[in-house]
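Student: Give me coordinates for this.
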Amino acid sequence: SSGSSSSSVFDDPNSTQSKALSWIMATTNLTGVGNSTSTDDPVQRFGAANLFFSLGGGDGWSNDMGDSWMKEGVSECEWIGFQCDGDGKVVRLDLEGTGVGGTLPDELVVFEKLEEL
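Tutor: Residues are numbered from 1 along each chain as shown. Purely as a prediction, here's the structure:
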């Protein structure tokens with residue numbers, strides 16, 4: 001019913017999912033038109049942004065990881081630790097030795113071609 005009291009993680013502005021969605025809406029060319037160099041897959045980009053927020057949002061990261069992630073107009077395939085195939089799909093995440101820590105989010109499932117973590 002429309003009067004349901006169920007809530008969503010997107011209703012909480014402090015949730016990693018809500019932060020990721022807000023960032024996507026503010027920075028990603030979702031129409032695929034124009035000069036955006038970001039991925040054509042906003043779902044994959046959401047997964048990458050949610051991973052960023054789930055792992056501390058850059059706090060305590062080394063190797064300029066925080067500077068390479070979350071840049072407007074830069075594909076997640078160019079972020080340190082991400083490797084993509086020829087179609088721009090994430091196939092590998094290598095965060096070893098980066099200072100990144102935390103719990104990996106369930107949203108990693110959006111990386112349909114992920115083979116190595």
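
Student: Which helix or strand in this protein has the lowest average pLDDT?
Tutor: helix 65-68 (a mean of 72; mean pLDDT, DSSP states H and E).

Student: Which helix or strand lies directly C-terminal to it?
Tutor: strand 82-84 (DSSP states H and E).

Student: tell me the contacts of the residue nearest the centre of the chain?
Tutor: By C-alpha atoms, centre = their mean, the chain has its centre lying nearest to residue 48, at 1.6 Å. In this structure, residue 48 makes contact with 69, 76, 79, 82, 90, judged by C-beta atoms under 8 Å, 6 or more residues apart in numbering. To be clear about C-beta, it is placed using only N, CA and C from the backbone, and glycine gets the same treatment.

Student: Low-confidence ranges, this structure, go.
Tutor: Scanning the chain for pLDDT under 70 picks out the ranges 1-7, 28-40, 62-64, 66.

Student: where along the chain do the helices fall?
Tutor: In the chain, the helices defined using DSSP state H lie at 16-27, 42-54, 65-68.

Student: now the longest one against helix 16-27, angle please.
Tutor: If you take axes from the mean of the first three to the mean of the last three C-alpha atoms, to 10 degrees, helix 42-54 sits at 120 degrees to helix 16-27.

Student: how about helix 42-54 as PDB, C-alpha atoms only?
Tutor: Extracted as PDB, the C-alpha positions of helix 42-54 are listed here (Å, rounded to 0.1, in the frame of the first residue of the first chain):
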ATOM      1  CA  PRO A  42      25.700   4.200 -14.300                       C
ATOM      2  CA  VAL A  43      25.000   1.000 -12.300                       C
ATOM      3  CA  GLN A  44      28.600   0.000 -12.400                       C
ATOM      4  CA  ARG A  45      29.600   3.600 -11.500                       C
ATOM      5  CA  PHE A  46      27.200   3.500  -8.500                       C
ATOM      6  CA  GLY A  47      28.900   0.300  -7.300                       C
ATOM      7  CA  ALA A  48      32.300   2.000  -7.600                       C
ATOM      8  CA  ALA A  49      31.100   5.000  -5.700                       C
ATOM      9  CA  ASN A  50      29.400   2.900  -3.000                       C
ATOM     10  CA  LEU A  51      32.700   1.000  -2.600                       C
ATOM     11  CA  PHE A  52      34.500   4.300  -2.100                       C
ATOM     12  CA  PHE A  53      32.100   5.400   0.700                       C
ATOM     13  CA  SER A  54      32.000   1.900   2.200                       C
END
